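Visitor: Model the structure of this input:
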Amino acid sequence: MENAFKYSKILVVDADKDACAPMIKFLEEQKFLVETAYTSDEATMKLDGFQPPCVIMDNNIPYLSGPEAVKMFEARVPKVRVIVVTDEKHKTLAEECVLGGAFAWFPKPADPKRLMAALQESLAIRKKEVMAYHANMGTVYDMIKDTGESTPENVNSPNKPG
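Guide: Numbers count the residues shown, from 1 in each chain. You can find the predicted model right below:
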């Protein structure tokens, strides 16, 4: 499996260290930069510092339901893609996560090919969004520059009128 997004950041959130160990090993073999969290508090701290474009989570995180976790992740990292990997018995909750904004869900253990395809797709979407954002910011900058309004270089200039 070729990884077009080597060195992309992935946060894995799962209370069961043993259950997520094979997936973490797989992700690291694929050259992703992987951080792990085993509680909602840990996940919050990791999100704030690590700022991953993608989170893979079990929907049984202590102190948060799956849908609550998806909302929390999206509030802390705008445009983050959340992939839920959970036991088949929690399928309904995983589907609620998707309805609440999660990118996809897979039953445990996640099939590596399907997980990799979902990661590649979610990261490709994120890349397009980032590129579009930067293109739009360049357009806004050019519009400001063309009108003679303050641009970042001369906003604090001592020669500024006024």
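
Visitor: Which residues does Thr86 form beta bridges with?
Guide: Pro107 (DSSP bridges).

Visitor: Please read off the pLDDT at it from the model.
Guide: Predicted confidence (pLDDT) for Thr86: 88.

Visitor: Tell me how far it lies from Leu33.
Guide: As judged by CB to CB, to the nearest Å, Thr86 and Leu33 stand 23 Å apart. From N, CA and C alone the C-beta is placed, and that goes for glycine too.

Visitor: Settle it for me: which of those two has more neighbours?
Guide: Ranked by neighbour count (other CB atoms under 10 Å), Thr86 and Leu33 place Thr86 first, with 22 against 14.

Visitor: Quick one: distance of stretch 43-63 to the chain centre.
Guide: Relative to its parent chain, stretch 43-63 has a centroid offset of 9 Å by CA atoms, centre = their mean, to the nearest Å.

Visitor: What residues sit buried inside it?
Guide: In terms of neighbour count (16 or more other CB atoms under 10 Å), stretch 43-63 has its buried residues at 43-44, 46-47, 50, 52-61.

Visitor: Quickly note the distance from Ser8 to Val130.
Guide: Ser8 is 12 Å from Val130, by CB to CB.

Visitor: Kindly report the same for Ser40.
Guide: The value you get for Ser40 to Val130, if CB to CB is used, is 27 Å.

Visitor: neighbour-wise, which of the two wins?
Guide: The residue with more neighbours, out of Ser40 and Val130, is Ser40; 19 against 12, by other CB under 10 Å.

Visitor: which ones are touching that one?
Guide: Counting by CB atoms under 8 Å, 6 or more residues apart in numbering, Ser40 makes contact with Ile61, Pro62, Tyr63, Leu64, Ala69, Met72.

Visitor: re the thing from before, now, the most widely separated pair of the buried residues of stretch 43-63?
Guide: Pro53 and Asn60 (23.4 Å; CB to CB).

Visitor: outside of stretch 115-133, which residues touch it?
Guide: With CB under 8 Å, 6+ apart, stretch 115-133 has contacts from 1, 3-5, 8, 10, 23, 26, 30, 32, 53-54, 56, 79, 81, 83, 85, 103-104, 106.

Visitor: got the residue ranges for the helices in the chain?
Guide: Per DSSP state H, the chain carries helices over the ranges 17-29, 40-50, 66-76, 91-99, 112-147.

Visitor: between the third one and helix 91-99, how big is the angle?
Guide: In this structure, helix 66-76 runs at an angle of 20 degrees to helix 91-99, with axes from the mean of the first three to the mean of the last three CA atoms, to 10 degrees as the basis.
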